[in-house]
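Colleague: model this:
(one chain, ligands or ions: 1)
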Amino acid sequence: MSDTVAIVGGGHAAGQAVVSLRQYGYEGRILLIGEEPYLPYQRPPLSKKFLAGELEQERLYVKPAQFYEDKRVELRLGTRVESLDLHARRLQTADGETLEWERLLLTLGSRVRMLDLPGATLEGVHYLRSIDDVRGIQPQFRAGARLVVVGGGYIGLEVAAIARQVGLEVDVVEMADRLMARVVCPEVSAHYRDLHEAAGVRLHLGTGVQGFGGDRRVDKVVTSAGDLSADLVIVGVGILPETALAAAAGLDCDDGICVDEYAVTSHPDVLAAGDCTRHPNALLGRRLRLESVHNALEQARTAAATLCGERRAYVQVPWFWSDQYDTKLQIAGLSEGYERVIVRGDPASGGFTVCYLHDEDRLLAVDAVNAPRDFMQAKKLLADRPRVDVARLADPQVPLPDACRVGD
Ligand SMILES: Cc1cc2nc3c(=O)[nH]c(=O)nc-3n(C[C@H](O)[C@H](O)[C@H](O)COP(=O)(O)OP(=O)(O)OC[C@H]3O[C@@H](n4cnc5c(N)ncnc54)[C@H](O)[C@@H]3O)c2cc1C
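Modeller: Numbers count the residues shown, from 1 in each chain. All right, here's what the predicted structure looks like:
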């Protein structure tokens, strides 16, 4: 029997895994089974240009249909996998089909955290994770419509920015007392508060959503600070890793499918990559779960290498980005546990960098706001967590590498 690698989950990591498997020389059968009816696609534009109707759907695809044909990939799209039998090396689809595999790669991604509040299932209350979600939102995403965004994190704020550009009226309700509080320091939050207020977004910070009102269709959001009128609600309050399938099959899971640095799960012939995993990061000395394109792509490459018999550990400085208006936020490293920040440049100029320090002034993470050079340099520097000269670091004219003390 020929070797079959089955990839379950047809998202960004799956698309990259297929590309890398063939690039690294895998000649066997590849079966790609994804629940969504689309070719593997990139999600970032869903809360940006694609939502605004400025990008064709085909432009989201990691590769065009012809690529999968050329690379002999058997696609089973619109097919949910219901269960895995690791002992018999079989999987069962929702259509009742049984498929066999020798090795399995799980790229199941994550699912949105849903609100369990009165009125949360009214028409017009939306979440944003997939092309179909965007298609459900777009008919109401029109100039003049009243949009309430629940959640002042990346996705909620990107939606708010695009909505203002399209001409919607926008309220953002956030429980914390500042924006993106989970990932950035107060200085960066304040900058984004100013950006959104200047664009006409009404921010309701320190405010909880208590429910939604309306007759069949939502027309108001009930908050701890009063009611907000709404034609449309978009909820962005975080995601949960998709682990149910793996856990039911007996794979170790702990807020993510547990994998090692080669993307191998607790079963030697089952691998996992992307949002659904919890993996070790040797640079940070701990296990992480990440929700980013960079993680999905790099871990998929590692998994493909492992499947091709190569040992290529996944050791990367995590990085992320967010586009809001004409401001690009690029984050390198994870700032959790920082002791102080140094701001390079004047936030009022629109471009500045925040350096997070810990452990006697070692560089821990960097948020670059319209400062791509600092971001590119920080990504490289962070692998060594260098100690910095604080006075030089604070001077935006001094390149980041020159503010780091070599060999210290
Ligand atoms: C609106 C939005 C904006 C984003 N913006 C950014 C950004 O600016 N920068 C950034 O770095 N990241 C961003 N992200 C995050 C990034 O898109 C994810 O980290 C990335 O998609 C993860 O890829 P993945 O392959 O692990 O999972 P996914 O792309 O989520 O793919 C998983 C796939 O598996 C399928 N699946 C799940 N269970 C089954 C099953 N049982 N059977 C079959 N198929 C199944 C799902 O339907 C899904 O299609 C954004 C995400 C969203 C939703």
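Colleague: nearest residue to the closest residue to the ligand within the stretch 151-300 of the chain in space, please, no chain neighbours.
Modeller: Proximity to the ligand, evaluated over the stretch 151-300 of the chain using C-beta to the nearest ligand atom, is greatest for Gly274 at 2.2 Å. Backbone N, C-alpha and C define where each C-beta goes, glycine included. Among residues not flanking Gly274 along the chain, Ala13 sits closest, at 3.3 Å (C-beta to C-beta, 6 or more residues apart in numbering).
Colleague: which non-adjacent residue is nearest Gln210?
Modeller: Sequence neighbours aside, Val222 is the residue nearest to Gln210 in space, at 4.7 Å (criterion: C-beta to C-beta, 6+ apart).
Colleague: mind saving the C-alpha coords of the longest helix along the chain as CSV?
Modeller: Secondary structure of the chain per DSSP state H: the longest helix is helix 293-307. Extracted C-alpha coordinates of helix 293-307, given in CSV (Å, rounded to 0.1, in the frame of the first residue of the first chain):
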residue,chain,number,x,y,z
VAL,A,293,-0.1,33.3,10.6
HIS,A,294,3.6,33.1,11.3
ASN,A,295,3.1,30.2,13.7
ALA,A,296,0.7,28.4,11.3
LEU,A,297,3.2,28.6,8.4
GLU,A,298,6.4,27.8,10.4
GLN,A,299,4.9,24.9,12.3
ALA,A,300,3.4,23.5,9.1
ARG,A,301,6.9,23.6,7.6
THR,A,302,8.3,21.8,10.6
ALA,A,303,5.6,19.2,10.4
ALA,A,304,6.2,18.6,6.7
ALA,A,305,10.0,18.3,7.3
THR,A,306,9.3,15.7,10.1
LEU,A,307,7.0,13.8,7.7
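Colleague: show me what that helix packs onto, helices and strands only.
Modeller: helix 12-23, strand 103-106, strand 270-272 (3 or more C-beta pairs under 8 Å, 6 or more residues apart in numbering; DSSP states H and E).
Colleague: so after that helix, what's the next helix or strand?
Modeller: Using DSSP states H and E, the helix or strand that follows helix 293-307 in sequence is strand 319-324.
Colleague: name every strand pairing with that next one and say which way it goes.
Modeller: Its sheet considered, strand 319-324 pairs with strand 327-333 (antiparallel) by DSSP bridges.
Colleague: show me how far whichever helix or strand comes after the strand it pairs with is from its chain's centre.
Modeller: For strand 327-333, the succeeding helix or strand toward the C-terminus, using DSSP H and E, is strand 340-344. Distance of strand 340-344 from its chain centroid, counting by C-alpha atoms, centre = their mean, to the nearest Å, is 26 Å.
Colleague: and the contacts of the helix or strand following strand 340-344?
Modeller: On the C-terminal side of strand 340-344, the nearest following helix or strand under DSSP H and E is strand 352-358. Residues outside strand 352-358 that contact it (C-beta atoms under 8 Å, 6 or more residues apart in numbering) are 184-185, 187-188, 191, 333, 335, 337-346, 363-371, 374-375, 378, 388, 390, 393, 396, 400.
Colleague: cool, stretch 201-214 as well?
Modeller: Outside stretch 201-214, the residues that touch it by C-beta under 8 Å, 6+ apart are 115, 117-120, 122-125, 150, 152, 160-161, 164, 170-179, 193, 196-197, 218-225, 227-228, 230, 233.
Colleague: repeat that for 6 Å
Modeller: Residues outside stretch 201-214 that contact it (C-beta atoms under 6 Å, 6 or more residues apart in numbering): 117-119, 122, 125, 150, 160, 170-175, 177, 218, 220-225.
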